[in-house]
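**Q** Coordinates for the following, if possible.
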Amino acid sequence: MSAEWLYEAGIAEERAILVSDGAILSARVEWGEGLRPGLVAEVRLAKRHAGTRRGVVRFDDGAEALIDQLARETTEGARLMVRVMRAAIAEKGRAKLPVVRPAPGEAPRPAPTLREEIEATGATVRVLPATSKAFAANGWDELIEQAQTGEIAFPGGAVIVTPTPAMTLIDIDGALPPLKLALAAVDAIADAMHRMDIGGNVGIDFPTLADKKDRQQVDKALADALIDWTGERTGMNGFGFVQLVSRLERPSLIARMARHPAGAAARVLLRQAERVEEPGALLLTANPRVLHALQPAWEAELARRTGRTVQRKADPTLALHSAFAQAVPA
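**A** This next block holds a predicted model:
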């Protein structure tokens, strides 16, 4: 079966998966951020860094972004048209600002939706209703669990994916001999790059391999597994470390879950609530942090889509990802 994109326009979230033979090959999620790649707007140059072509621009709503490739004659306070190249990337305690570049002559336009982005590549996207079970049938729930925990099991071990301010780190855990463990992890790592939408700077900490031939064997296996991945890769050093670098446009699934766990859990809960089949009001039971992250507009949209009354129940004993929705007498 050839691969196809499946798409859901969820509440506070767009999601799409590329599937083939009942498995997810790639996944994308968007949370409706205002400054997303493809947005073109007029801004004011708030600051220009002396002696460089870089600076900071301010949008009319007050949002700021980093800019490079400024023309020499552009001075602070000037108005200019820009295109967003990278969305904001959340980190602990702060966020990396979006990145824009000058777009002279272009007309203002909003960022494309996730569906439009995928269709722009020439791919066909099948739009699914909220009641569809196609995402679940292809492994969506398992994918979200892996994104929440950062742990992806493979025969003989697991890879642990951790987003950090500098890079996404991938560690390998298992009881196999070092070379066998490294080789066994290669396919899981390559799959994770696509399934978790990981880009930017990635560091892989393989088991230390003293023999250069063993390191070269792992390098070749990784190159073969990443045959359809676009970016640059270093060879394994004597400590088992490999670095991957690719274009970074948006947060990965794992980064979203790690930086905004309550908000991510709230979106999972909303998706679950849309699929409750039994009649009655919808009761959302969750940790108080999840309910706090559940914005009133999202809850109102859930009520509108389902035609039901929505109730909340806080349970501080529940883990963030253990929220659930059920039907109760109205």
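
**Q** Residue 312: what secondary structure?
**A** Counting by DSSP: H, G, I helix; E, B strand; the rest coil, the backbone at residue 312 sits in strand.

**Q** Return the distance of residue 70 relative to residue 48.
**A** Using CB to CB, to the nearest Å, residue 70 is found at 7 Å from residue 48. Where you see a C-beta, it was placed from the backbone N, CA and C, and this is true even at glycine.

**Q** shared neighbours of the two, anything?
**A** 54-55 (CB atoms under 8 Å, 6 or more residues apart in numbering).

**Q** excluding its backbone neighbours, what's nearest residue 29?
**A** Nearest in space to residue 29, with sequence neighbours left out and distances taken as CB to CB, 6 or more residues apart in numbering, is residue 15 at 5.1 Å.

**Q** quick one: strands adjacent to the helix or strand containing that neighbour?
**A** Here residue 15 sits within strand 13-20, counting by DSSP states H and E. Take DSSP bridges as the rule and strand 13-20 pairs in its sheet with strand 4-10 (antiparallel), strand 23-30 (antiparallel).

**Q** What is the subsequent helix or strand relative to the last one?
**A** In the C-terminal direction, the helix or strand that comes right after strand 23-30 (DSSP H and E) is strand 40-48.

**Q** list the buried ones in that next one?
**A** 40-41, 43, 45, 48 (16 or more other CB atoms under 10 Å).

**Q** coming back round to it: and the residue nearest to residue 29, how many neighbours does it have?
**A** Residues near residue 15, counting by other CB atoms under 10 Å, number 23.

**Q** and what of residue 202?
**A** Residue 202: 24 neighbours (other CB under 10 Å).

**Q** Can you verify it is assigned to a strand?
**A** Yes. Looking at residue 202 with three-state DSSP, it is inside a strand.

**Q** list the contacts for it?
**A** Residue 202 neighbours (CB under 8 Å, 6+ apart): 167-170, 193, 243-246.

**Q** again, but for residue 104
**A** By CB under 8 Å, 6+ apart, the contact list for residue 104 reads 80-81.

**Q** Equivalent analysis for the one 10 residues further on, please.
**A** If a contact means CB under 8 Å, 6+ apart, then residue 114 has 7, 14-16, 28-30 as its contacts.

**Q** distance of it from residue 11?
**A** From residue 114 to residue 11 the distance is 14 Å (CB to CB).

**Q** re the thing from before, could you dump the strands paired with strand 13-20 into TSV and include mean neighbour count, mean pLDDT and distance to residue 53?
**A** Listed next are the strands paired with strand 13-20 as TSV, based on neighbours: other CB atoms under 10 Å; pLDDT from 0 to 100; distance: least, CB to CB, whole Å:
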stretch	mean neighbour count	mean pLDDT	distance to residue 53
strand 4-10	19	97	37
strand 23-30	19	96	30
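
**Q** Find the helix or strand that the spatially closest residue to residue 234 that is not a sequence neighbour is a member of.
**A** Nearest residue to residue 234 in three dimensions, chain neighbours excluded: residue 243, at 4.6 Å (CB to CB, 6+ apart). Taking DSSP H and E as the criterion, residue 243 maps to strand 241-245.

**Q** Can you name the next helix or strand after that strand?
**A** helix 253-259.

**Q** Now do the strands in the stretch 1-150 of the chain.
**A** 4-10, 13-20, 23-30, 40-48, 55-58, 64-67, 79-86, 89-91, 94-96, 99-102, 125-127 (DSSP state E, counting those that start in this stretch).

**Q** Render the CA-only coordinates of the fifth one in CSV, please.
**A** I take that to be strand 55-58. Extracted C-alpha coordinates of strand 55-58, given in CSV (Å, rounded to 0.1, in the frame of the first residue of the first chain):
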residue,chain,number,x,y,z
GLY,A,55,18.4,42.5,14.5
VAL,A,56,15.0,42.3,16.2
VAL,A,57,11.7,43.3,14.5
ARG,A,58,8.4,44.0,16.2
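
**Q** Same question for it: list its buried residues.
**A** By neighbour count with 16+ other CB under 10 Å, strand 55-58 contains the buried residues 55-57.

**Q** is it true that residue 219 touches residue 240?
**A** No. In this structure, residue 219 is not within contact of residue 240 by CB atoms under 8 Å, at 11.2 Å.

**Q** thinking again about what came up before, any chance of the buried residues of strand 55-58 in JSON lines with pLDDT and distance to residue 278 as columns?
**A** JSON lines is the format used below for the buried residues of strand 55-58 (pLDDT from 0 to 100; distance: CB to CB, whole Å):
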{"residue": "55", "pLDDT": "95", "distance to residue 278": "56"}
{"residue": "56", "pLDDT": "96", "distance to residue 278": "52"}
{"residue": "57", "pLDDT": "96", "distance to residue 278": "51"}
